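Peer 1: Test case, fold it:
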Amino acid sequence: MKLPDSLREQMKIPLGILLPESQTSKDEIQKHLTEDSYIITVGDRTTEKMIDFGLIPSLQIIDGQERREKREPPKLENATELTVDNPAAEITPQSISLIKNAFTMKSPVRILVTGEEDLLVIPVCIHAPENAVVMYGQPHEGLVIVKVTTEIRNKAQTLLDLME
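Peer 2: Below you'll find the model as predicted:
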């Protein structure tokens, strides 16, 4: 499924709370987590930041790039690594299937995307477990923190349904 141009502006609207870059600290992030939060990160920098804070994401989706520049993936021990092809501005059926499967596996699970991972926030929000908190970067602004609720699932499903 491809992202139509008509949806591009809508995709720039954060799905959750936008924490400005200057406030992105471990203490601020922990205010949005509970003891049993299933942490999901989408993006290399966000994943690396959480690992540095000692908040190991249960599911990490990265593409080895930051703002189109190649970068070393964040270091992580003992993660199950999966790979998937997902071209820029698309969400492939294989990506959705792999994300669903990742939620059934022992964490931490890392999905390494060949292509681009940005839009995978959408199927993640649809299929994540009840106690999930999804985090992703908002370019030049900060960190978006999304507590997965029925409302968020419905919003994400609507966005997915609008893709071609």
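
Peer 1: so how many other residues sit close to Thr104?
Peer 2: Counted with other CB atoms under 10 Å, the neighbours of Thr104 add up to 7. The C-beta positions use only the backbone N, C-alpha and C, and glycine is treated the same way.

Peer 1: Show me where this structure has its helices.
Peer 2: 8-11, 26-30, 44-52, 93-102, 121-127, 150-162 (DSSP state H).

Peer 1: what's the nearest residue to Thr44 if we skip its chain neighbours?
Peer 2: If you look again at residue 44, you'll see it is Asp, not Thr. Ile62 (4.6 Å; CB to CB, 6 or more residues apart in numbering).

Peer 1: Nearest the middle, which residue of the protein would you pick?
Peer 2: Val42 (2.5 Å; CA atoms, centre = their mean).

Peer 1: beta partners for that one?
Peer 2: Ile61, Tyr136 (DSSP bridges).

Peer 1: Let me know the pLDDT of it.
Peer 2: Predicted confidence (pLDDT) at Val42: the value is 97.

Peer 1: any weak-confidence spans in this structure?
Peer 2: For the chain, the stretches with pLDDT under 70 are 67-68.

Peer 1: for the helices of the chain, which one ends up most surrounded?
Peer 2: Compared across those, helix 121-127 shows the largest average neighbour count, a mean of 23 (mean count of other CB atoms under 10 Å).

Peer 1: residues making contact with that helix?
Peer 2: 15, 40, 42, 59, 61, 91, 95-96, 99-100, 103, 134, 136, 146, 148, 152-153, 155-157, 159-160 (CB atoms under 8 Å, 6 or more residues apart in numbering).

Peer 1: correct me, but the residue nearest to Asp44 touches Thr47?
Peer 2: Yes: with contacts counted by CB atoms under 8 Å, Ile62 reaches Thr47, the gap being 5.5 Å.
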